[in-house]
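S.K.: Curious how this folds, go ahead:
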Amino acid sequence: MELIKGRTIPEVWLKAAQYVDGCPHHEDFDVFLHVSEPTVLEAEDRSIYEIVDGFLKQHGAYSIHTVAETIFPLDEYMRGGPEAVFETYPPRIKAIHAVRDDKNWGTYAYRLLRQKDRDGTIYNPLKDMVAKIRNHGKYTASFELGMGHPLEEDIPIYEGGTDRRRLYGGPCLSHLSIKVHDGAIRLNATYRSHYYVRRLFGNLVGLGRLLYFLASETGLAIGGLTINSTYAKIDRGDGGSCGGHWTKRDVDDLIARCARVHEIQEQEDA
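M.R.: Next up is the predicted model:
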């Protein structure tokens, strides 16, 4: 178990990868990551982003952007605003999933936008959440001066109807918790299993984009991003449907290259 904190996503990814890589068998349980400014990218951060992204592409894995889009479709948002996310994206991604061999891959964003109520009615959890946060915003002053508790809302990603039958291959992101406090939106994500090379960087970026969307649509500030990797692993070998193939030596070289960028920036700042 470990708590790893930092300002930006690349900084936290590097610290997390170094920590888990140094654990016995290159794995650990309940690794908590906290990013205080999850949408900020300084020059050093961009360099680390490009190194990791280039590594993934070179080794046949999904890019950081591709993984991030499975959590929140930023491309759709930039093209058509919130309605494109709420109404255009779900049928489009559903059609893509229909022709994939692995129909379960990349369904996180869809599950944020389409779930069934107890009576079978389809509803949009993300759209409902935006409305709830906006309504809460009307009472921010009295709420903060009164009870002083944050607004809380949760979106379960795990679907027992389908996911409980899988021993492996189910969604790794299982739960999202959103809180509004002091005029900012905070996000906490729970992962049941987490690949720190193939997935972590893109997951962090995607969750940061989701925070950006929520803040933009509600007029609130972007708060912190926290992740609980209930099982964290430095993955290598053949990723199968997850994509990519690399050795432990390749991973060590990747981490070392990113660490050098970080060290050079620290020396320049000193």
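S.K.: can you count the residues close to G22?
M.R.: Number of residues near G22 (other Cβ atoms under 10 Å) recorded here: 11. (Each C-beta comes from the backbone N, C-alpha and C, glycine too.)
S.K.: for it, phi and psi?
M.R.: phi -90, psi 0 (degrees, to the nearest 10).
S.K.: repeat for H175
M.R.: Torsion angles, degrees, to the nearest 10, at H175: phi -160, psi 140.
S.K.: For the closest residue in space to it that isn't next to it in sequence, give me phi and psi.
M.R.: In space, and not counting its chain neighbours, H175 is closest to T190: 4.3 Å by Cβ to Cβ, 6 or more residues apart in numbering. With angles defined as degrees, to the nearest 10, T190 sits at phi -110, psi 130.
S.K.: ditto for S193
M.R.: According to degrees, to the nearest 10, S193 has phi -150, psi 140.
S.K.: cool, and the one 10 residues further on?
M.R.: Main-chain torsions, N203, degrees, to the nearest 10: phi -60, psi -50.
S.K.: Let me see the contact set for it.
M.R.: Counting by Cβ atoms under 8 Å, 6 or more residues apart in numbering, N203 touches 67-68, 71, 173, 189, 191, 194, 227.
S.K.: how close does the residue nearest to H175 sit to K233?
M.R.: 16 Å (Cβ to Cβ, to the nearest Å).
S.K.: and what of P24?
M.R.: 12 Å.
S.K.: Between the two, which has more neighbouring residues?
M.R.: K233 (22 against 6).
S.K.: so after the helix or strand harbouring K57, what's the next helix or strand?
M.R.: Taking DSSP states H and E as the criterion, K57 maps to helix 43-58. Sequence-wise, the next helix or strand downstream of helix 43-58 (DSSP H and E) is helix 64-69.
S.K.: Show me what whatever helix or strand comes next after that next one is packed against.
M.R.: Downstream of helix 64-69, the next assigned helix or strand under DSSP H and E is helix 74-83. Applying 3 or more Cβ pairs under 8 Å, 6 or more residues apart in numbering; DSSP states H and E, we find helix 74-83 packed against helix 200-218.
S.K.: Could you figure out how far the helix it packs on is turned away from helix 43-58?
M.R.: Counting by axes from the mean of the first three to the mean of the last three Cα atoms, to 10 degrees, helix 200-218 lies at 120 degrees to helix 43-58.
S.K.: Need the mean per-residue confidence for helix 200-218.
M.R.: Mean pLDDT, helix 200-218: 96.
S.K.: just how off-centre is it within its chain?
M.R.: Mean-position distance between helix 200-218 and its chain equals 7 Å (Cα atoms, centre = their mean, to the nearest Å).
S.K.: angle of it against helix 74-83?
M.R.: Using the same axes, to 10 degrees: helix 200-218 against helix 74-83 is 20 degrees.
S.K.: Moving along the chain from helix 200-218, name the first helix or strand you hit.
M.R.: As the chain continues past helix 200-218, the following element, by DSSP H and E, is strand 221-233.
S.K.: excluding its backbone neighbours, what's nearest V12?
M.R.: According to Cβ to Cβ, 6+ apart, the nearest residue to V12 is G6 (4.1 Å).
S.K.: sorry, that was for E27
M.R.: Counting by Cβ to Cβ, 6+ apart, the residue nearest E27 is K233, at 4.4 Å.
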